[in-house]
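K.L.:
Need a 3D model of the sequence below.
(4 chains)
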4 protein chains.
Amino acid sequence: MDAPSKPGSTFTPANPDFAKRVRASFARQGVMAHIGAELSLVEAGRVQIRLPYSERLSQQHGFFHGGITTTIADSACGYSGFTLMPADASVLTIEYKVNFLAPADGELLVANGHVVKPGRNIIVCHADVMVRKGASERICATMTETIMVMPGLEEKT
Amino acid sequence: MDAPSKPGSTFTPANPDFAKRVRASFARQGVMAHIGAELSLVEAGRVQIRLPYSERLSQQHGFFHGGITTTIADSACGYSGFTLMPADASVLTIEYKVNFLAPADGELLVANGHVVKPGRNIIVCHADVMVRKGASERICATMTETIMVMPGLEEKT
Amino acid sequence: MDAPSKPGSTFTPANPDFAKRVRASFARQGVMAHIGAELSLVEAGRVQIRLPYSERLSQQHGFFHGGITTTIADSACGYSGFTLMPADASVLTIEYKVNFLAPADGELLVANGHVVKPGRNIIVCHADVMVRKGASERICATMTETIMVMPGLEEKT
Amino acid sequence: MDAPSKPGSTFTPANPDFAKRVRASFARQGVMAHIGAELSLVEAGRVQIRLPYSERLSQQHGFFHGGITTTIADSACGYSGFTLMPADASVLTIEYKVNFLAPADGELLVANGHVVKPGRNIIVCHADVMVRKGASERICATMTETIMVMPGLEEKT
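P.N.:
Okay, the predicted model is just below:
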């Protein structure tokens, strides 16, 4: 790769069934149903997750809790990397870093994850999380995540 | 401060009612009840949060989702800093970084947050998250968090 | 701000003399001369620093040391934020995070820093560092940095 | 490992010649000589680097530049992990995160790196950097670093 990947970059997935695999894995994440998150986009190197507001997701001022914002950003990053992995590999999150840019005050969060740097062993991903309130939308968090490709740990579909 | 704070460090809180304030704020975090987290310790500069396992908190392999591990570590860090703030201030999370050291495979998570560096404007905190499985306990995640003291934004108690 | 800032975003600097201030401050950073770094671009919200290779900057395999890559990325981020600050303020780096995406193997590093989220107290910046080797150029590191605006700490020019 | 490693933890190195290997690799890092850093301690899982002040290492206020503080913290972390690697492996830095806790204002920096979580593929390390000024010493920066074990990339000694 000669330049950083942007959300519009084109990747060639190793597994043509990547979208089916991501959807099946997402469905096994019990926490996604528990918080009410939906997988709204799966493309090669790119995943979007949406989360409507509920008081059950709030911090002390009534906004989305930062950990919940992180939870959907984490899955958006991890699955964006997972789309590029071979069929017999699994994803392991090594670490991530989140900056909170504005209060997550609104009725919907949208996390857009994409691959910044693909790799055989290590994949670096990025996610921006937008918060929608009425007609306005603004960024509330930005994440950089490092994931590891775990060969021989096929997830069942 | 001439040395990094350790969990055993002694801090002098600016507000003698800090524990009551933290408990009231924690109770307003809707997400803590929704995931089943309990505030198990509040001391000056130090907060512990515990979270029993449930399938509703899982990632695709059945372990605690990394975002949920992060959610309790975030609150443990933020509230450890909040214990040292004046009565008319509120806490704002600027950013955090999490390294995942082992799968969060077990029946209980325990997040221990403490203040590393107090400050009038900026406080840096650290949390280790332990996972218990039967008789064993091991670290599964470690977080560094930066919070900001927001004066004049008193939280109601 | 309703969307994350991109390198091409337009910012309105609080101090029309921002470029002169950045150049004077850069000239006071003794380390920049010591490693041979040059300030190659200063715009509102955007700074570029270039660094030719020397064996005196190497790690054990002969590439640029990661700490040196970080040093120019740090200054590129910090000064991109400094361009937007009022004339009586100084910049303080709170924290940063760097991912190394490829070996810094080449004859020139180019760090492009820009403001992601301006603010009165806290500014979040981003830098990508490219490494040039012959006719090729690729990203080798990416940084997110949080800086603080320190009012009343005017830097001399 | 059932608990997070502390600086005093005992590790069993895979290569009994680890100290010789670290010293040889450090000597090949051209930047360490260029900035004047010394390797002052090498133990299994633990490395210390010291750096006397010079104006050639300064930021705009005359303190150590944050990138230089990072440079010795990075090598202290990386080499603490390298002490535990087999003889035919090399170290690759994946990422790190630094929080700056106080101005690096003094005549000496001392970076203490240690392994937090050893592993066959991934090692997580931590470093605190202390700054000495006259008779006082205080922490000025804290780093978490993730490194990768690169098998089959033996460094020459």
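K.L.:
remind me, longest strand of chain A?
P.N.:
Ranked by number of residues, the top strand in chain A under DSSP state E is strand A:136-151.
K.L.:
quick one: the closest residue to A:His34 other than its chain neighbours and A:Lys117, what's the gap?
P.N.:
Of all residues not flanking A:His34 in the chain, B:Arg56 sits nearest, at 3.9 Å (Cβ to Cβ, 6 or more residues apart in numbering or on different chains). Where you see a C-beta, it was placed from the backbone N, CA and C, and this is true even at glycine. To A:Lys117, B:Arg56 is 33 Å away according to Cβ to Cβ, to the nearest Å.
K.L.:
is chain B contacted by the longest strand of chain A?
P.N.:
No. Strand A:136-151 does not reach chain B (Cβ under 8 Å from any Cβ of the partner chain); its nearest approach is 9.2 Å.
K.L.:
Tell me which residue is most central in chain A.
P.N.:
In chain A, the centroid-proximal residue (Cα atoms, centre = their mean) is A:Ala76; its distance is 0.7 Å.
K.L.:
I'd say A:Ile139 and A:Arg132 touch.
P.N.:
No. Contact between A:Ile139 and A:Arg132 fails when scored by Cβ atoms under 8 Å: they sit 11.2 Å apart.
K.L.:
Looking at these two, which one has more neighbours?
P.N.:
The residue with more neighbours, out of A:Ile139 and A:Arg132, is A:Ile139; 20 against 16, by other Cβ atoms under 10 Å in any protein chain shown.
K.L.:
Beyond the longest helix seen in chain A, next helix or strand please.
P.N.:
For chain A, the helix with the greatest residue count under DSSP state H is helix A:66-82. Scanning forward in sequence from helix A:66-82 by DSSP states H and E, the next helix or strand is strand A:89-100.
K.L.:
how about A:Arg28, phi and psi?
P.N.:
phi -80, psi -10 (degrees, to the nearest 10).
K.L.:
hmm, back to that, so between B:Arg56 and A:Lys117, which is more surrounded?
P.N.:
When neighbours are counted by other Cβ under 10 Å, B:Arg56 and A:Lys117 differ, and A:Lys117 comes out ahead with 22 against 16.
K.L.:
how near is the more buried one to B:Phe63?
P.N.:
Per Cβ to Cβ, A:Lys117 is found 26 Å from B:Phe63.
K.L.:
same question, A:Cys140
P.N.:
Counting by Cβ to Cβ, the gap from A:Cys140 to B:Phe63 is 27 Å.
K.L.:
Who has more neighbours out of those two?
P.N.:
Neighbour count, other Cβ under 10 Å: between A:Cys140 and B:Phe63, A:Cys140 has more, with 24 against 19.
K.L.:
okay, and for chain A, where does confidence drop off?
P.N.:
Residue ranges of chain A with pLDDT under 70: A:1-9, A:156-157.
K.L.:
Run through the residues of it sitting next to chain B.
P.N.:
Residues of chain A lying close to chain B (Cβ under 8 Å from any Cβ) are A:25-26, A:28-31, A:33-35, A:54-61, A:65-68, A:70-75, A:90, A:92-100, A:155.
K.L.:
Out of those, which end up buried?
P.N.:
Neighbour counting with 16 or more other Cβ atoms under 10 Å in any protein chain shown marks A:25-26, A:28-31, A:34-35, A:56-61, A:65-68, A:70-75, A:90, A:92-100, A:155 as buried within the residues of chain A next to chain B.
K.L.:
Next up, the contacts around the nearest residue to A:Pro13 once chain neighbours are set aside.
P.N.:
Distances taken as Cβ to Cβ, 6+ apart put A:Ala44 closest to A:Pro13, at 4.5 Å, once the chain neighbours are dropped. A:Ala44 makes contact with A:Thr10, A:Phe11, A:Thr12, A:Pro13, A:Phe18, A:Thr83, A:Leu84, according to Cβ atoms under 8 Å, 6 or more residues apart in numbering or on different chains.
K.L.:
So which of those residues is surrounded by the most neighbours?
P.N.:
Going by other Cβ under 10 Å, A:Thr83 tops the contacts of A:Ala44 with 25 neighbours.
K.L.:
who's in contact with the closest residue to it other than its chain neighbours?
P.N.:
Nearest in space to A:Thr83, with sequence neighbours left out and distances taken as Cβ to Cβ, 6+ apart, is A:Phe18 at 4.4 Å. The contact partners of A:Phe18, by Cβ under 8 Å, 6+ apart, come to A:Val42, A:Ala44, A:Phe82, A:Thr83, A:Leu84, A:Met85.
K.L.:
in the sheet, who's paired with the nearest residue to the last one once chain neighbours are set aside?
P.N.:
Beyond its immediate neighbours in the sequence, the residue positioned closest to A:Met85 (Cβ to Cβ, 6+ apart) is A:Val149, lying 5.5 Å away. Applying DSSP bridges to A:Val149 yields these beta-bridge partners: A:Val91.
K.L.:
Quick check: A:Val149 vs B:Lys133, distance?
P.N.:
26 Å.
K.L.:
When the two are compared, which one has more neighbours?
P.N.:
A:Val149 (21 against 14).
K.L.:
So that one versus A:Thr93, what's the distance?
P.N.:
Distance, A:Val149 to A:Thr93, by Cβ to Cβ: 12 Å.
K.L.:
Also A:Thr71?
P.N.:
Computed as Cβ to Cβ, the A:Thr71 to A:Thr93 distance reads 12 Å.
K.L.:
Over to A:Ala111?
P.N.:
Going from A:Ala111 to A:Thr93 by Cβ to Cβ gives 15 Å.
K.L.:
Tell me how many other residues crowd A:Asp17.
P.N.:
By other Cβ under 10 Å, 11 other residues sit near A:Asp17.
K.L.:
and the gap between the nearest residue to it once chain neighbours are set aside and chain D?
P.N.:
The shortest distance from A:Asp17 to any non-neighbouring residue, by Cβ to Cβ, 6+ apart, is to A:Ala87 (7.0 Å). The gap separating A:Ala87 from chain D is 21 Å, by Cβ to the nearest Cβ, to the nearest Å.
K.L.:
Quick check: A:Ala87 touching A:Pro16?
P.N.:
No. Using Cβ under 8 Å, A:Ala87 makes no contact with A:Pro16, being 9.1 Å away.
K.L.:
Contact partners for A:Gly30?
P.N.:
Taking Cβ under 8 Å, 6+ apart as the test, what A:Gly30 contacts is B:Ser54, B:Glu55, B:Arg56, B:Leu57, B:Ser58, B:His65.
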